[in-house]
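1. Only the shape, not the letters, is given here:
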């Protein structure tokens, strides 16, 4: 039966597991397909959003006025041609590849001053001549005069006068030898501070120059920009700081300028440069260029805003180099390739790793359902196995009980049968032998009677049909009477019972006969397991509003693992079975039934080899 049950349980568990695995696999496949469809739709929407954004950028090339108001952050418009060169927004690119249109200085305005400065070494006369030139109406003449005046003042060791000349020079919108006047003023002031050891002012001048260079205040070539940037960082005493996004736009413009003849009239290109990824849109030819240049910040922002925050976005150029985001090589990525009329880059849309790993609510419900079914089955199997094991145990205990009862009946019956036969055949020759035979018959008859009564009482208590006749009694008197009867019963075996605490009346509502039966069983149990020590101690007392009746012996004792089971029916200790001590296994079970029927409880304290103490607790009546 157990084998059949285990087989059915294993088959059902295997079928449940296989069915669950199949359903989970199907759910995973369905969820993966739905996730893939959603990813493809998101990629289509992102591609359309990017195409629209690029079309808007392309449309901003319609006029310079459109670029002044509609260019997003990170985007510059650059236009060059005959008589035209501008960058919008102003200062958004730190350097440009095309040179400035230079206007020659009016050297005749400075001739007399230079003769006085260099030929005659008359610095005062030179200063007067240069001051006159600085008052001219022509900005270039004024700039040249101020620059030369500042130089002469430095030669005269008049630093304050030189600084005043540089301050006027910095306010002019003109060039000196192809260099912006304000930049010449920066260079002059910095060199003056450096010569005079004015370190704090030198550092401030270097920081201000570096800031203006990064903001694209002047139209410089790359070599000029690098030279003055290095000079500014040296004066400031700090590492050179750059705007990576602006440098990327400048590098893209330089690349386009160098290749403007080869790229063709229409430019629509995304590329990864050393300063970062860039996008170029517009028109380019050898003599004219009108383009939109977008840097890394715009590309990254466009990639991010084209998709929801829970999706990953990455862009790559036609050569496969990353422009934005992290390129992933797994199969979950939706790809939209670059096309001539569509996107200048390849779009990669991927689900975030956390979202991919998270199970769907449907799958969680499915897993939870199988867990609940599995737990229910496991609980059912556990209780069935437990019931079967208990039935097997009860069957074994009943068999042992039948064997024990048969032995208990056989011994006195054999003795009675033998004596009766001897009396019937008149084989007892003397009166004394016949008297002893009668005593044996009485003793064995009493033993059989008690055994039968125990069995009948246990059957009634176990079936719950025993009716208690409760009355208010002095339980101490009941214990005294029971102990006295038991002393006479075991006196011929050499056992004695010591009773303490029975002098005080203890009123309890009990069935006197049932309580006496329980105490007798405890005394009989103590005698059976106390072969060496032939004294049993009985003590009556009060404990927390209840009456306690203790029966203590110094017998075999009970192991801890058996103490929880000895009050069960038919259970006997392993030591008592090994030593062939008589008993049926119902005495202690009936003690617990009787005590609990009175609203009390019974407990045991025992240690192998040191004896046992059984305590029956009965509720006392209020005094």
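-> Perfect, I can see it now. Remember, predicted model here, so these are calculated numbers, not experimental data.
2. Show me where the stretch 451-600 of the chain has its strands.
-> 471-474, 496-500, 507-510, 535-543, 546-552 (DSSP state E, counting those that start in this stretch).
3. possible to save those strands as CSV with distance to residue 52 and mean pLDDT?
-> Any C-beta I mention is one placed from the backbone N, CA and C, and that applies to glycine too. Converted to CSV, the strands of the stretch 451-600 of the chain look like this (distance: least, Cβ to Cβ, whole Å; pLDDT from 0 to 100):
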stretch, distance to residue 52, mean pLDDT
strand 471-474, 100, 90
strand 496-500, 104, 92
strand 507-510, 95, 89
strand 535-543, 91, 92
strand 546-552, 90, 93
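4. Could you export the ones you listed as a markdown table, including mean neighbour count?
-> Below are those laid out as a markdown table (neighbours: other Cβ atoms under 10 Å):
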| stretch | mean neighbour count |
| --- | --- |
| strand 471-474 | 13 |
| strand 496-500 | 14 |
| strand 507-510 | 20 |
| strand 535-543 | 17 |
| strand 546-552 | 21 |
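5. Of those strands, give the one that comes closest to residue 365.
-> With Cβ to Cβ, the closest approach to residue 365 among the strands of the stretch 451-600 of the chain belongs to strand 546-552: 54.3 Å.
6. Provide the strand pairings for that closest one, with the direction of each partner.
-> The sheet places strand 546-552 alongside strand 535-543 (antiparallel), strand 611-619 (antiparallel), with pairing taken from DSSP bridges.
7. what angle separates the first one from strand 496-500?
-> Interaxial angle, strand 535-543 versus strand 496-500 (axes from the mean of the first three to the mean of the last three Cα atoms, to 10 degrees): 20 degrees.
8. rewinding a little: of the strands paired with strand 546-552, which is nearest residue 189?
-> If you check each of the strands paired with strand 546-552 against residue 189 by Cβ to Cβ, strand 535-543 wins as the nearest, at 103.8 Å.
9. How far does that closest one sit from its chain's centre?
-> Once both centres are worked out by Cα atoms, centre = their mean, to the nearest Å, strand 535-543 turns out to sit 60 Å from its chain's centre.
10. what's it in contact with?
-> Applying Cβ atoms under 8 Å, 6 or more residues apart in numbering, the contact partners of strand 535-543 are 475-476, 479, 483, 495-502, 506, 519, 523, 526-527, 530, 547-554, 617, 620.
11. now the strands paired with strand 546-552 as JSON lines including distance to residue 150?
-> Formatted as JSON lines, those follow (distance: least, Cβ to Cβ, whole Å):
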{"stretch": "strand 535-543", "distance to residue 150": "113"}
{"stretch": "strand 611-619", "distance to residue 150": "114"}
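12. Residue 433 is nearest to which of those?
-> strand 535-543 (33.2 Å).
13. if we can go back for a sec, can I get the strands of the stretch 451-600 of the chain in TSV including distance to residue 215?
-> Formatted as TSV, the strands of the stretch 451-600 of the chain follow (distance: least, Cβ to Cβ, whole Å):
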stretch	distance to residue 215
strand 471-474	108
strand 496-500	107
strand 507-510	104
strand 535-543	95
strand 546-552	95
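14. now the helices for the stretch 301-450 of the chain?
-> Assigned by DSSP state H, counting those that start in this stretch, the helices in the stretch 301-450 of the chain fall at 353-357, 361-424, 431-463.
15. Could you give the average pLDDT over the shortest one?
-> It stands for helix 353-357. Helix 353-357 comes out with an average pLDDT of 55.
16. How many neighbouring residues does residue 337 have?
-> 12 (other Cβ atoms under 10 Å).
17. And the pLDDT for the nearest residue to it once chain neighbours are set aside?
-> In space, and not counting its chain neighbours, residue 337 is closest to residue 346: 5.2 Å by Cβ to Cβ, 6 or more residues apart in numbering. On the pLDDT scale, residue 346 is placed at 91.
18. is it true that residue 346 touches residue 316?
-> Yes - here residue 346 reaches residue 316: they are 4.8 Å apart, a contact under Cβ atoms under 8 Å.
19. Neighbour count: these two, which is higher?
-> residue 316 (22 against 19).
20. what's near enough to touch that one?
-> 322, 323, 327, 345, 346, 348.
21. tell me the contacts of residue 424?
-> Not one residue lies near residue 424 by Cβ under 8 Å, 6+ apart.
22. weakest of the helices of the stretch 301-450 of the chain in terms of mean pLDDT?
-> helix 353-357 (a mean of 55).
23. Can you give me the domain boundaries for this structure?
-> Following automatic domain parsing, one finds the domains of the chain at 1-94+243-353, 107-238, 467-619.
24. Need those in JSON lines (columns: distance to residue 385).
-> Below are the domains of the chain laid out as JSON lines (distance: least, Cβ to Cβ, whole Å):
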{"stretch": "domain 1-94+243-353", "distance to residue 385": "8"}
{"stretch": "domain 107-238", "distance to residue 385": "80"}
{"stretch": "domain 467-619", "distance to residue 385": "19"}
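25. Relative to residue 365, which of those is closest?
-> domain 1-94+243-353 (10.0 Å).
26. Distance from the closest one to the middle of the chain?
-> Counting by Cα atoms, centre = their mean, domain 1-94+243-353 comes out at 33 Å from the chain centroid.
27. would residue 85 count as being in a strand?
-> Yes - assignment of residue 85 by DSSP: H, G, I helix; E, B strand; the rest coil places it within a strand.
28. out of everything not next to it in sequence, what's closest to it?
-> Nearest non-adjacent residue to residue 85, counting by Cβ to Cβ, 6+ apart: residue 98, 6.4 Å away.
29. my guess is that neighbour meets residue 257, correct?
-> Yes - with contact defined as Cβ under 8 Å, residue 98 reaches residue 257; the gap is 6.4 Å.
30. Which element, helix or strand, includes residue 80?
-> Using DSSP states H and E, the element containing residue 80 is strand 75-81.
31. Quick one, grab the pLDDT at residue 57.
-> Looking at residue 57, the pLDDT reads 86.
32. nope, residue 576 is what I meant
-> For residue 576, pLDDT reads 68.
33. now residue 115
-> 91.
34. try residue 1
-> At residue 1, pLDDT is 72.
35. try residue 261
-> Taking residue 261 on its own, its pLDDT is 79.
36. Run a quick neighbour tally on the closest residue in space to it that isn't next to it in sequence.
-> Nearest non-adjacent residue to residue 261, counting by Cβ to Cβ, 6+ apart: residue 286, 5.0 Å away. For residue 286, the count of nearby residues is 7 (other Cβ under 10 Å).
37. Residue 501 too?
-> There are 17 residues near residue 501, going by other Cβ under 10 Å.
38. Please state the backbone phi and psi of it?
-> phi 80, psi 10 (degrees, to the nearest 10).
39. Residue 325 reaches residue 314, doesn't it?
-> Yes - Residue 325 lies in contact with residue 314 (Cβ under 8 Å); the separation is 3.2 Å.
40. Now do the shared contacts for those two.
-> 303, 348.
41. which residues touch the residue nearest to residue 85?
-> Counted by Cβ under 8 Å, 6+ apart, residue 98 has contacts 80, 85, 257.
42. among those residues, which ones are buried?
-> 80, 85, 257 (16 or more other Cβ atoms under 10 Å).
43. Pick out the lowest-pLDDT one from the residues you listed.
-> Confidence-wise, residue 85 trails the rest of the buried ones among the contacts of residue 98, at 75.
44. which is the next helix or strand following the helix or strand harbouring residue 234?
-> Per DSSP H and E: residue 234 is located in helix 222-236. Where DSSP H and E defines the elements, the next helix or strand beyond helix 222-236 is helix 244-258.
45. now for that next one, which elements pack on it?
-> strand 75-81, strand 266-273, strand 276-285, strand 288-294, helix 296-305 (3 or more Cβ pairs under 8 Å, 6 or more residues apart in numbering; DSSP states H and E).
46. Now tabulate those in a markdown table and tack on distance to residue 30.
-> Output for the helices and strands packed on helix 244-258, formatted as a markdown table (distance: least, Cβ to Cβ, whole Å):
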| stretch | distance to residue 30 |
| --- | --- |
| strand 75-81 | 44 |
| strand 266-273 | 37 |
| strand 276-285 | 38 |
| strand 288-294 | 41 |
| helix 296-305 | 30 |
